[in-house]
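Student: Any chance you can model this:
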Amino acid sequence: MTAYLVLASPDAQIPDERSVVIADRFAPVAFLLPVLWLLFNRLWLEAFAAVLVFAAATMLAGSAGQPALAMALNLALSVLTALEGRNWRAAALQRRGWQLVDVVETDDPDVAFEIHAAHAMAKTNRPSSTAARPNRRPPLLGRQNGVNTDSIGLVPVERN
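Tutor: The predicted model follows:
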């Protein structure tokens, strides 16, 4: 099963047909063609950084005579882009005002959106009875109102 991130467009009511569903998994195309994948997903700064890394690797292989180091650098960039590229895309959308509204685990992005829509509809149809609900916070241990009650962390200690 894959975790899917559901991002809603700015000022959209949830669920929205314009929502973006991003799979949080390895991206094979990003592994094979990292710069093109970054450009296709409108990750301009990341693509520029990848071009700089590829240029440095090319210089290492050519003039410095270090082809093994250049290949390792290219492989590292490809693996990093394939593993983190989708998270970079989600972060870029959030910087543009999109909101992460749900994380759903399933095998299909369409099913992920349907599950998200069902969760959102259940939240809107639920009656809000928070005012009638009693406060169920556990009692605090340690210093309360200036009185030192003996405890170590959450464990009360009796001293004689």
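
Student: what residues are up against the closest residue to Thr106 other than its chain neighbours?
Tutor: Nearest residue to Thr106, sequence neighbours excluded (CB to CB, 6 or more residues apart in numbering): Ala112, at 4.9 Å. No exception for glycine: its C-beta is placed from N, CA and C like everyone else's. Contact analysis of Ala112 by CB atoms under 8 Å, 6 or more residues apart in numbering lists 4, 6, 21, 104, 106.

Student: Among these, give me the pair with the biggest separation.
Tutor: For these, the maximum inter-member distance is 11.1 Å, found between Val6 and Thr106 (CB to CB).

Student: which SSE is the residue nearest to Thr106 in?
Tutor: helix 109-125 (DSSP states H and E).

Student: So what touches the strand or helix carrying Val101?
Tutor: Take DSSP H and E as the rule and Val101 turns out to sit in strand 99-106. Contact with strand 99-106 is made by 1-8, 10, 14, 19, 24, 90, 94, 112, 115-116, 119-120, as judged by CB under 8 Å, 6+ apart.

Student: try it again with 10 Å
Tutor: Contacts with strand 99-106, where a contact means CB atoms under 10 Å, 6 or more residues apart in numbering, come from 1-12, 14-16, 19, 21-24, 90-91, 93-94, 111-120.

Student: Also compute the angle for it relative to helix 109-125, please.
Tutor: Counting by axes from the mean of the first three to the mean of the last three CA atoms, to 10 degrees, strand 99-106 lies at 120 degrees to helix 109-125.

Student: for this protein, which helix is longest?
Tutor: helix 67-95 (DSSP state H).

Student: Return the residues in contact with the residue nearest the centre of the chain.
Tutor: Centroid-nearest residue in the chain: Asn87, 5.3 Å away (criterion: CA atoms, centre = their mean). For Asn87, the contact set (CB under 10 Å, 6+ apart) comprises 5, 22, 24.
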